[in-house]
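Pasting a predicted model and its sequence here:
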Amino acid sequence: MLLKSKLAGLVAGPLLAMAPPVAAADDITNTDVSYQNLHGTIVAPANGTGHPGMVLLAGAGARGRDAYRPEAEAFARAGIVVLIYDKRSDYSRATSSFTTLADDAIAGVELLRTRPDVTPSRVGLWGHSQGGWVAPLAATKSADIAFVVTASASALPADRTQLWSDRTYLAHAGISGALVGPIGLNASRMLVAAGLFGDTAYEPTAVLQRVRQPLLGVFADHDRSTAPGESLALFRESLDRGGNQHYTLRVVKDANHNMRRSADGFNKAAATEFAPGFVDLVTTWVNGLAAGPPSASADPPPAQPLASSPTEPLAWYEGLVVQLGLFAVMLVGFLAYPVCAAVRRLRRTTHRPPGRWPARLTALAGLIAVFGTFGYLFSVVSTGAVDVDTAVLGRPPTWLLLQLVAVGVVVGAGFAVRGWRHARVQRGLLLAGVAAFLPWAVYWGLFTV
């Protein structure tokens, strides 16, 4: 059911706080606003009326409004009144739904529609990356949204998109194909199964089929975070199937995922200059809607060397129970030796069984391997593998060190067996930890050559 004037009434009145506009360079004003428990800035041309309005929807992560201030200022210089805003305070990339984010976008549209310098019937959305999923969804919920612009949007589900990106970055870094799964995919697959990987139930193509507003889809030819070739083709197929005859799908050359100039799409943080033609494409299209909606047209999909694939379901040994069970046994086994040693010291026991130093080193190496692996995998998942940019023997340097430590666990356990009869409980727990460590380390690729 479409949301219309109901939200407009909520935005107005006591829920809206607006600071006086502050003049900026190039005849642009910045006005801080608060509405619906959200906080943002309206960047607008300093003069004139009858402007189109556009709410910018951010990509994944708790990004603030300043992340898209360059886009807002560039669009405002072309005569568009733009709202940028901070995501809601309870936003979580792992659990926030696109429906909630779409409602926030609709509230922003209703806010812009109340401005005297904006034509209410010409207010739309611009969504980047994750925002490219949210913007079409919001358009299906509100007839007050006049148009939709997506930049580097994916037409694939969130999990499939992220795993494709992880594989792309790891391959570019020179990571061995045998290690791509353990390092870049398996932890994410477990999060998907646990429901901690965002709105993976969202079907972008089904939503695109319901979009009736004019839509501009902008795709970067060097996008390494969303599959550009597959996405453009699916955008066109979905919009055609839904009967939308007013879409424009364009490929921007020499552009990375952030629509910045790039020769290959990697090292996104280093690129600051907009890709040639990007700003003009968006502003010309938005301003041109005043003369009527465009006819459907699309560029050929950009080259995409690596195809995406569906997320594979977990095998029984990848399930939470098995993985937590192995972790518990390893934790008890590797911690038991130093704890027992500390107790002996407190009791001032002088008995020193053979092989105590190999046992100590095995326990220490086991703890380093387990927690080091978890820490490294967390960093890969949280950054989308973008920081993996170097390989030694087909593996990240940190992973190579973890593999050497894992080998040390096995070698140390072999020496620690000597003298186990003199410390049966202590050595028995340690060896149980090693026994659990072996299949766990094999699964996570710590023994992969």
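Cool, the structure landed. Residues are numbered from 1 along each chain as shown.

CA only for contacts and neighbour counts going forward, please
OK.

quick one, what contacts the residue most central in space within the chain?
Closest to where the C-alpha atoms of the chain average out (Cα atoms, centre = their mean) is residue 60, at 4.9 Å. For residue 60, the contacting residues are 93, 129, 130, 131, by Cα atoms under 8 Å, 6 or more residues apart in numbering.

If we use 7 Å, what do you get?
By Cα atoms under 7 Å, 6 or more residues apart in numbering, the contact set of residue 60 is 93, 130.

so is it in a helix, a strand, or just coil?
Secondary structure state of residue 60, per DSSP: H, G, I helix; E, B strand; the rest coil, is coil.

Residue 306 too?
Per three-state DSSP, residue 306 ends up coil.

burial measure for it, as a count.
Using other Cα atoms under 10 Å, residue 306 has 14 neighbouring residues.

quick one, phi psi at the residue lying closest to it once chain neighbours are set aside?
Leaving aside its chain neighbours, residue 306 sits nearest to residue 168 (7.1 Å; criterion: Cα to Cα, 6 or more residues apart in numbering). Phi and psi for residue 168, reported as degrees, to the nearest 10, are phi -60, psi -50.

And residue 168, how far from residue 66?
28 Å (Cα to Cα, to the nearest Å).

With neighbour numbers in mind, choose between the two.
Using other Cα under 10 Å as the criterion, residue 168 and residue 66 rank with residue 168 on top: 24 against 14.

so what pLDDT did the more buried one get?
Looking at residue 168, its pLDDT is 97.

Next, find the distance separating it from residue 174.
Relative to residue 174, and taking Cα to Cα, residue 168 is found at 10 Å.

and if you look at residue 275?
Residue 275 is 27 Å from residue 174, where distance means Cα to Cα.

Would you mind measuring from the spatially closest residue to residue 392 that is not a sequence neighbour to residue 118?
Sequence neighbours aside, residue 400 is the residue nearest to residue 392 in space, at 7.5 Å (criterion: Cα to Cα, 6+ apart). Going from residue 400 to residue 118 by Cα to Cα gives 58 Å.

elements contacting the strand ranked longest in the chain?
In terms of residue count, the longest strand belonging to the chain (DSSP state E) is strand 118-128. Judged by 3 or more Cα pairs under 7 Å, 6 or more residues apart in numbering; DSSP states H and E, strand 118-128 is in contact with strand 51-57, helix 98-113, helix 131-141, strand 148-151.

can I get the CA coordinates of it in PDB?
Listed next in PDB are the C-alpha coordinates belonging to strand 118-128 (Å, rounded to 0.1, in the frame of the first residue of the first chain):
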ATOM      1  CA  VAL A 118      11.300  22.700  -4.500                       C
ATOM      2  CA  THR A 119       8.600  21.600  -6.900                       C
ATOM      3  CA  PRO A 120       6.800  18.900  -4.800                       C
ATOM      4  CA  SER A 121       6.100  16.700  -7.800                       C
ATOM      5  CA  ARG A 122       9.800  16.600  -8.800                       C
ATOM      6  CA  VAL A 123      11.300  15.000  -5.600                       C
ATOM      7  CA  GLY A 124      13.100  11.600  -5.900                       C
ATOM      8  CA  LEU A 125      15.800   9.400  -4.600                       C
ATOM      9  CA  TRP A 126      19.400   8.700  -5.400                       C
ATOM     10  CA  GLY A 127      20.800   5.500  -3.900                       C
ATOM     11  CA  HIS A 128      24.400   4.300  -3.900                       C
END
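
what's the angle between it and strand 51-57?
If you take axes from the mean of the first three to the mean of the last three Cα atoms, to 10 degrees, strand 118-128 sits at 30 degrees to strand 51-57.
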